[in-house]
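J.: Sequence first, predicted coordinates after that:
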Amino acid sequence: MRILLLVLLLTAPALAQGPPGSSPPKPAKKKPAGKKPKAGPVSPKAVVKGKAKRAVSKAVTRRDPGPTSRPLAVVRPRARLTKRIVLVVDTSGSMQIGDRIARAVDVVLRVLTQPTDDLQVSIVAFSNTPSRWKGVAEKGVPEGWARFPSVPAKRAALAWLRSFPADGLTCPGPALAAALSEPRRHVSVVLVSDGRFDEAPVLKLLKAGQEWRRKRKLGRAPVMAYGVGEDARDQEAMRKLGKAGGGGFLVEPKPAPKPAPSRARTGPW
């Protein structure tokens, strides 16, 4: 019995390797453990919609996006937009070019109609000087703000914004300063413009505004630059503002031109 056990122990490795003359089995290749993709910041658009979608924004390489394209991220956002948004909208003379002012109003409309609970919005229009919408008085909503979604508030906001004739110089600095001096916590700022301005003084006001909030323990307000206009993505001012503000720089794609009506004959005449 002991001899039999000894024989089995000695022949076990050989049995595991197969019959004599056969090649030993190849060890199974281990698949390299891939790195888990890092989750990017929640996109401002998803936050406004109240969704928790995550997407990594890549640099723009296309020059002519289609009419159904989403806003393109030129500078990746580092912070989320909150449910208290101050929209700073450019109504200067340069917004008369093409359909820039109409596209800026469309951006505002999309923000106001998002199905997000307890979204509060304030609007500051600017050209030479800033002007602030009075908002809609409501319990729990301070003056100069309105709660959305709300059809009456949406109509009032759009009517006020459309009353501006798109005239004057492009001076976003005082408007951004007014937005950052809002004495509320959890405030975000979205600048909608074609970027036709000198960024140096605006960046100084942006820094001063964030310092004002820090001293009063109101917290840093993310500032996003939202570009409209054919050459918006090439505007260094908007790119620098979006980067310094932490909210990123998005570009509203230019709608594709409508095809010209066909003049081909379709009948025998």
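T.: Received it, and whenever you're ready, just let me know what you need. Numbering: from 1, shown residues only.
J.: show me where pLDDT drops low in this structure?
T.: 1-73, 231-234, 253-269 (pLDDT under 70).
J.: the strands in it, which residues?
T.: Applying DSSP state E to the chain gives strands spanning 72-75, 84-90, 119-126, 130-132, 146-148, 188-193, 223-227, 246-251.
J.: Adding mean neighbour count and distance to Arg214, write those out as TSV.
T.: Just so you know, the C-beta spots here come from the backbone N, C-alpha and C atoms, and that holds for glycine as well. Formatted as TSV, those follow (neighbours: other C-beta atoms under 10 Å; distance: least, C-beta to C-beta, whole Å):
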stretch	mean neighbour count	distance to Arg214
strand 72-75	22	23
strand 84-90	25	17
strand 119-126	24	21
strand 130-132	18	22
strand 146-148	21	27
strand 188-193	27	15
strand 223-227	28	14
strand 246-251	26	14
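J.: Save the ones you listed as a markdown table, and put in distance to Glu236 too.
T.: Output for the strands of the chain, formatted as a markdown table (distance: least, C-beta to C-beta, whole Å):
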| stretch | distance to Glu236 |
| --- | --- |
| strand 72-75 | 11 |
| strand 84-90 | 16 |
| strand 119-126 | 20 |
| strand 130-132 | 23 |
| strand 146-148 | 33 |
| strand 188-193 | 13 |
| strand 223-227 | 11 |
| strand 246-251 | 10 |
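J.: And Arg162, how close does it get to Ala177?
T.: Distance of Arg162 to Ala177, given as C-beta to C-beta, to the nearest Å: 25 Å.
J.: give me every residue that touches Val86.
T.: Val86 makes contact with Val121, Ser122, Ile123, Val124, Ala179, Glu182, Val187, Ser188, Val189, Val190, according to C-beta atoms under 8 Å, 6 or more residues apart in numbering.
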